[in-house]
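A.B. asks: Sequence first, then the predicted structure:
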Amino acid sequence: MKHRLLWKFLIINIAVIATLMIVVWCAIDYLAADYFMVLMNQYHIEPDDAHSLFLNTVHRYLIWGSLLGLFLSLLLSFLLTRRLLRPLSNMVEATKRLAAGDYQVELPIEGNDEITRLSLSFNQMAQSLARIEHLREQMVADAAHELRTPLSNIQGYLEAMRDGVIAPSNETLSMLHGEVLRLAKLAESLLNLARADAACTDLNPQPVALSAMIKEALELGRPQLELQKLNVNLDLAPELNMISVDPDKFRQVLRNLVENAGHYATAGGKLNIETLSQNQGLCVRFSNDGQTFSNEDAAYIFERFFRADRSRSRGYGVAGLGLAIVKELIEAHGGQVGAQADSSSMTHIWFWLPASVIIKEREKPSHSPARVSPAVAVAKQG
């Protein structure tokens, strides 16, 4: 490619110089020479010898000037073309390495022209692919780890019962049943995550009432919330109640957030759920006491299989996919997610949706915060 482009540039320059030379040559022969003859006749000078000398001299200097111009043009074109093609040649080699799976490839950055910007874009693409590959490898390793622990327990107890080391009992069978349920839940989470990855291609937005969906999520998470004895505080803005989202996927978002709060909130503590207008859009914030991650970890809690407290998470049977699913589904709706841990030992997890999902209501009822327990919230819903 390099040599073909180089020769194309050189041939173009030769063609341009040759064309200019022919035009000047014809102009001298048919215009300058005729004007010279007119001057000779006007001043009664014999023109034959002078005319021939004039043409020969002009042609000679034209040839030498054209050759000099051609030489300089070829030299400068060669240097410029080589300067332009060197980054492209490097990019060809880097692309081959990238296609072979070497995501650490990086192009040198020189100057500030279009090719430099192309090299910067290539480096950013390589870094993104390297990050995706790292996440994929980490996800496979984490999934294998999550599967190995319950499978090892099941295998060990079954072999022990087969060899007569331990006798089958309701307690043992109940424990094995729990491990099977844990595997089933992990498989379901992986399936939901795969669906969330493709959510942006099959969204089916419909008008829904946000307050009703939140209370529905609280009803589904009621056993865990009551087990933790959490006091739920709802602060829902009526003007932000009607939204246009995919109902099934949005239910998954709210259920995962309620489940996350139920797992990590402090027993006997509180869970605050509020909706507010933010950046010309809708923000839904879940806040609970029970600080299980630091602000340094806040940027990573939506990563797949990330757990700030691995021992506690494993004890609760959590694989670390719930918030990753939330992130994929919210971004499919054009929104964003975030988390923060403040100095008062409160954990805040929120998501933001653009103003395009908000359906303006003609009549807006007065807004008053509601403080309810999970049982009361469910009762109100019914």
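C.D. replies: Yep, that arrived.

A.B. asks: Can you tell me, leaving aside adjacent residues, what's nearest to residue 119?
C.D. replies: Spatial nearest neighbour of residue 119, excluding adjacent residues (Cβ to Cβ, 6 or more residues apart in numbering): residue 107 at 4.3 Å. Where C-beta positions appear, they are placed from N, C-alpha and C, glycine not excepted.

A.B. asks: repeat for residue 153
C.D. replies: Spatial nearest neighbour of residue 153, excluding adjacent residues (Cβ to Cβ, 6+ apart): residue 179 at 5.2 Å.

A.B. asks: what's the helix or strand for that neighbour?
C.D. replies: helix 170-197 (DSSP states H and E).

A.B. asks: Give the buried residues for stretch 89-97.
C.D. replies: For stretch 89-97, burial by neighbour count (16 or more other Cβ atoms under 10 Å) applies to 90, 91, 94.

A.B. asks: I misspoke; the intended subject was stretch 336-350.
C.D. replies: Counting neighbours by 16+ other Cβ under 10 Å, the buried set in stretch 336-350 is 336, 337, 338, 339, 341, 346, 347, 349, 350.

A.B. asks: May I ask which two of these are separated the most?
C.D. replies: Largest separation among these by Cβ to Cβ: 336 and 346, giving 20.5 Å.

A.B. asks: rewinding a little: out of the buried residues of stretch 336-350, which sit inside strands?
C.D. replies: Counting by DSSP state E, those place 336, 337, 338, 339, 341, 346, 347, 349, 350 in strands.

A.B. asks: Pretty sure residue 252 sits against residue 329.
C.D. replies: Yes. Counting by Cβ atoms under 8 Å, residue 252 does reach residue 329; the two are 6.2 Å apart.

A.B. asks: In terms of neighbours, single out the busier of the two.
C.D. replies: Between residue 252 and residue 329, counted using other Cβ atoms under 10 Å, residue 329 has the larger neighbour count: 29 against 21.

A.B. asks: Helix or strand: which one has the more buried one?
C.D. replies: Residue 329 is part of helix 322-332, with elements assigned from DSSP H and E.

A.B. asks: and that helix, how far from the chain's centre?
C.D. replies: On the basis of Cα atoms, centre = their mean, to the nearest Å, helix 322-332 sits 13 Å off its chain's mean C-alpha point.

A.B. asks: Return the residues in contact with residue 261.
C.D. replies: Residues in contact with residue 261 (Cβ atoms under 8 Å, 6 or more residues apart in numbering) are 221, 225, 230, 271, 286, 288, 349.

A.B. asks: quick check, residue 207 in a strand?
C.D. replies: Yes. Under the criterion used here (DSSP: H, G, I helix; E, B strand; the rest coil), residue 207 sits inside a strand.

A.B. asks: And for residue 169, the neighbour number?
C.D. replies: Applying the criterion other Cβ under 10 Å, we find 10 residues in the vicinity of residue 169.

A.B. asks: Please report phi then psi for it.
C.D. replies: For residue 169, the backbone dihedrals are phi -140, psi 160 (criterion: degrees, to the nearest 10).

A.B. asks: coming back round to it: tabulate the CA atom coordinates of the helix holding residue 329 in PDB.
C.D. replies: Below are the C-alpha coordinates for helix 322-332, written out as PDB (Å, rounded to 0.1, in the frame of the first residue of the first chain):
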ATOM      1  CA  GLY A 322     -27.700  -7.100  40.400                       C
ATOM      2  CA  LEU A 323     -26.300  -3.600  40.000                       C
ATOM      3  CA  ALA A 324     -24.500  -4.500  36.800                       C
ATOM      4  CA  ILE A 325     -28.000  -5.400  35.400                       C
ATOM      5  CA  VAL A 326     -29.300  -2.100  36.700                       C
ATOM      6  CA  LYS A 327     -26.600  -0.200  34.900                       C
ATOM      7  CA  GLU A 328     -27.200  -2.000  31.600                       C
ATOM      8  CA  LEU A 329     -31.000  -1.500  31.700                       C
ATOM      9  CA  ILE A 330     -30.800   2.200  32.700                       C
ATOM     10  CA  GLU A 331     -28.200   3.000  30.000                       C
ATOM     11  CA  ALA A 332     -30.500   1.200  27.500                       C
END
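
A.B. asks: ok, residue 16 - contacts?
C.D. replies: By Cβ under 8 Å, 6+ apart, the residues touching residue 16 are residue 73.

A.B. asks: secondary structure element for it?
C.D. replies: Assigning secondary structure by DSSP H and E places residue 16 in helix 2-27.

A.B. asks: mean confidence score for that helix?
C.D. replies: Per-residue pLDDT over helix 2-27 has a mean of 67.

A.B. asks: now swap in stretch 294-312 and tell me
C.D. replies: Here the mean pLDDT over stretch 294-312 is 66, rounded to a whole number.

A.B. asks: ditto for stretch 209-227
C.D. replies: Stretch 209-227 shows an average pLDDT of 90 in the prediction.

A.B. asks: tell me how far the helix or strand encompassing residue 352 is from the chain's mean position?
C.D. replies: When secondary structure is defined using DSSP H and E, the element that contains residue 352 is strand 346-353. Strand 346-353 has its C-alpha centroid displaced from the chain centroid by 20 Å (Cα atoms, centre = their mean).

A.B. asks: From the contact counts, what lies against it?
C.D. replies: For strand 346-353, the packing partners by 3 or more Cβ pairs under 8 Å, 6 or more residues apart in numbering; DSSP states H and E come out as helix 247-264, strand 281-289, helix 322-332, strand 336-341.

A.B. asks: could you redo the last one with a cut-off of 7 Å?
C.D. replies: Taking 3 or more Cβ pairs under 7 Å, 6 or more residues apart in numbering; DSSP states H and E as contact, the helices and strands that strand 346-353 lies on are strand 281-289, strand 336-341.
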